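Trainee: need a structure here:
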Amino acid sequence: MEDWAEIRRLSVAEGLSGRCIARRLGVSRVTVARALAQDRPPKYDRARRPSIVDPYVDQMRVLLAEYPKMPATVLAERVGFNDGRCTTVFRQRVAVVKAELGMVDPADRLVFAPGEQFQCDLWFPGKVVGEQGLSYPVVTMIACYSRRLEAVMIPSRVCGDILSGMNVLLTRFDGLPKALLWDNEAGLVSGHRLIAQSAGWAGALGVKVKLAKPRDPETKGRIERANGYLGTSFLPGRRFASIEDFNTQLESWLSQKANHRTVRALGYTPYQVWDHDYEKLIRLPDLLPAAGLQASTRLGRDYYVRLDSADYSVDPHAIGRIVDVHGSLDRVRVTCEGRVVADHKRCFCKGSVVCGPAHVQSAKALRENFQAASRANTRTYDAVSQVAQADLASYDTLWDQTRKAAR
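Mentor: Down below sits the predicted model:
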């Protein structure tokens, strides 16, 4: 390439003859003549060699035309290709044949207006919390226009906890977009439709929850890349004593680092263009719709209720009555007929028992009163249950009288 360029320069710019150019560069006059005869840089074209897959291409076309979604491994079995050393070559040829048949799925470049959409997802950082290495999900949310990212760890992936996490994140954004995009998360969706609790939450806020189509990851590519960014830039080298510690570190990192980084597609940081997003957001209501775990049950003699695999004690005076259990991200409250009968800090360790000392003392007093009353009732029954015993000889007399009358 360099020789061709130099030969052309010497010939055009300096007007040297082919013989002089050959002498100066130390090449043959034939090389100089060939270089001057070519208007474009020389390019080496290697002749295509036959591929081991060539004999199977016609069968591949027939099968793919009828079954376009047939996997390459099954296709290799159908056409009789069994050379395990050349599986990559076979897959590459399958891709070429699909392109020739028009079986391609191009990904469009999605463009969002300010305030148009927030993308949401669950990120699973793994076993990173506490000395035992417990694993909890993280609700992530990104503004599609400005790329501002917010996230919070929640105790479980059930609907109530996910909605509570979204309330926290929307409060940080201080506004609502026109639509929230979710994939078909099992905690929120059943049969490609929102379940009752999540639909009620969206209706109370007046926001549209858009569900991504199956097998279409490009629809929520922004949040997927954000999850990967969290895994590579936030997690390494950090330790977390609890969920609260994780959320404290994460919120600080998002506000001081992540949302101050320059996004290549924008040329700005998320905070620099956030004002354009914020102007188009819908204002949040003064009171966000209720979220969290909710249940109703009749309190048994074992005065505990279960919420998310943990047991919480309740005032035993409510035994036999219907109690309502409500669990937020940090508290568990139990009410009976509008009266609070239990209020505990939520425990995130599965199988744990959270016991209130006042409840235990109250149960002890009730048990002692019940046992004392039982003993008093037993003595009274013994006193009144004494009855006169009949003389058994009177039965014999009566029998003799009956027998004589019969004669």
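
Trainee: need the contact partners of stretch 42-62.
Mentor: 1, 4, 35, 75, 78-81, 83, 86, 89-90, 93-94, 97, 100-101 (C-beta atoms under 8 Å, 6 or more residues apart in numbering). (Glycine included, C-beta is placed from N, CA and C.)

Trainee: ok now that stretch, how far from the chain's centre?
Mentor: Offset of stretch 42-62 from its chain centre (C-alpha atoms, centre = their mean, to the nearest Å): 44 Å.

Trainee: could you give me the buried positions within that stretch?
Mentor: Using 16 or more other C-beta atoms under 10 Å as the test for burial, stretch 42-62 gives V53, Y56, V57, M60.

Trainee: can I get those in TSV with distance to A372?
Mentor: Below are the buried residues of stretch 42-62 laid out as TSV (distance: C-beta to C-beta, whole Å):
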residue	distance to A372
V53	90
Y56	90
V57	93
M60	88
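
Trainee: which of those fall in helices?
Mentor: Mapping the buried residues of stretch 42-62 onto helices (DSSP state H) picks out V57, M60.

Trainee: mind listing what's buried in stretch 164-173?
Mentor: Neighbour counts over stretch 164-173 (16+ other C-beta under 10 Å) mark S164, G165, M166, N167, V168, L169, L170, F173 as buried.

Trainee: pLDDT on it, on average?
Mentor: Mean pLDDT, stretch 164-173: 96.

Trainee: which outside residues touch that stretch?
Mentor: 118, 120, 139, 141, 143, 148, 150-152, 154, 176, 180, 281, 284, 288-289, 291-292, 328-329.

Trainee: can you put the buried residues of stretch 42-62 in TSV and add pLDDT and distance to R215?
Mentor: TSV is the format used below for the buried residues of stretch 42-62 (pLDDT from 0 to 100; distance: C-beta to C-beta, whole Å):
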residue	pLDDT	distance to R215
V53	89	27
Y56	91	28
V57	90	27
M60	91	23
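
Trainee: ok, the buried residues of stretch 42-62 vs A342, which is closest?
Mentor: Closest approach between the buried residues of stretch 42-62 and A342, by C-beta to C-beta: M60, at 66.6 Å.

Trainee: neighbours of H326, just the number please.
Mentor: By the measure other C-beta atoms under 10 Å, the count of residues near H326 is 17.

Trainee: what kind of secondary structure is the residue nearest the centre of the chain in?
Mentor: Residue closest to the average C-alpha location in the chain (C-alpha atoms, centre = their mean): L122, at 2.4 Å. Per DSSP: H, G, I helix; E, B strand; the rest coil, the local secondary structure of L122 is strand.
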